[in-house]
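Below are the sequence and a predicted model for it; my questions follow.
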Amino acid sequence: MASDVIVKAKKEGRTSLTEAESKALIKDMGIAVNEAEVAASRDEAVSIAGKLGYPVVLKVVSKDILHKSDVGGVKLALGSGDEVTAAYDEIMASVKQRAPQAVIDGISIQKMARPGVEVIIGMFKDGQFGPVVMFGIGGELVEVYKDVSFGIVPIPKRYAKQMIRDIKGYALLDGYRGREPVNTDILEDMLLKVSDFAKDNPEVKELDINPVIAYADSAVAVDARVILEGDA
């Protein structure tokens, strides 16, 4: 699966994968993802949302857009068909204004994940050390908090555990103010799977799974981004 998605993107001259393609790679690693369906019209979006069950999230799908939120391409916690219709139109209008050259392939609809602790898991190529795995507090403010830890690929299991404990926000995972602790064993397993993926797929330059929403009994990848090596 990984090679098929990457080969397809390279044949099209792309160095970035769509969210759906990125999630396909992640799912192939054995990491749970929040599944999405793509709509080509507002009526189809409403139909899909009704089938999935409210609340839902809408996101623009475009091979030309790397950061969907920056162009107004994401709408969260939509609770009815009327809200989906309005959000669909707002996304289309915003993207056409802020990224007029982007080709819009559709709008993805996914069920809104239940609240949990948002973390980021990823990897990138370092000029000196090669592939590096990253873990930290995630969500939209990841670049503000910059609360992350790093490990050089391949990371052993004991180091995956340490990476999780090394972040300043570890208390959020460990049951902050009476909240239920998240299952860090699952997060460790995700880190190890990303480490193995980075080792086996040198054509991948960056991978961000953000956010991963972590719970006491599970963790799910809600969004993902993959950047490939290349000249496109």
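Everything's here; your move. Numbering: from 1, shown residues only.

where does this structure dip in pLDDT?
Scanning the chain with the threshold set as pLDDT under 70 gives 1-2, 231-232.

So I31 lies in a helix, does it not?
No - in this structure, I31 is coil, not part of a helix, as judged by DSSP: H, G, I helix; E, B strand; the rest coil.

Can we start the residue count at 21 from this point?
Got it, the first residue is 21 from now on, which makes the last one we talked about I51.

got a list of what it touches?
M210, K213, I229, A241 (CB atoms under 8 Å, 6 or more residues apart in numbering). The C-beta positions use only the backbone N, C-alpha and C, and glycine is treated the same way.

now it: how far from V77?
For I51, the distance to V77 equals 19 Å [CB to CB, to the nearest Å].

Distance to A56 and neighbour count added to the contacts of I51, as CSV?
Formatted as CSV, the contacts of I51 follow (distance: CB to CB, whole Å; neighbours: other CB atoms under 10 Å):
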residue, distance to A56, neighbour count
M210, 19, 25
K213, 21, 17
I229, 15, 28
A241, 11, 22
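
how does this protein divide into domains?
22-53+135-248, 56-131 (automatic domain parsing).

L96 against M132, yeah?
Yes - with contact defined as CB atoms under 8 Å, L96 reaches M132; the gap is 6.7 Å.

Settle it for me: which of the two has more neighbours?
Taking other CB atoms under 10 Å, L96 and M132 do not tie; M132 has more neighbours (17 against 11).

Can you tell me the closest non-neighbouring residue to that one?
P75 (4.2 Å; CB to CB, 6 or more residues apart in numbering).

residues near D205, how many?
So D205, with other CB under 10 Å, has 12 neighbours.
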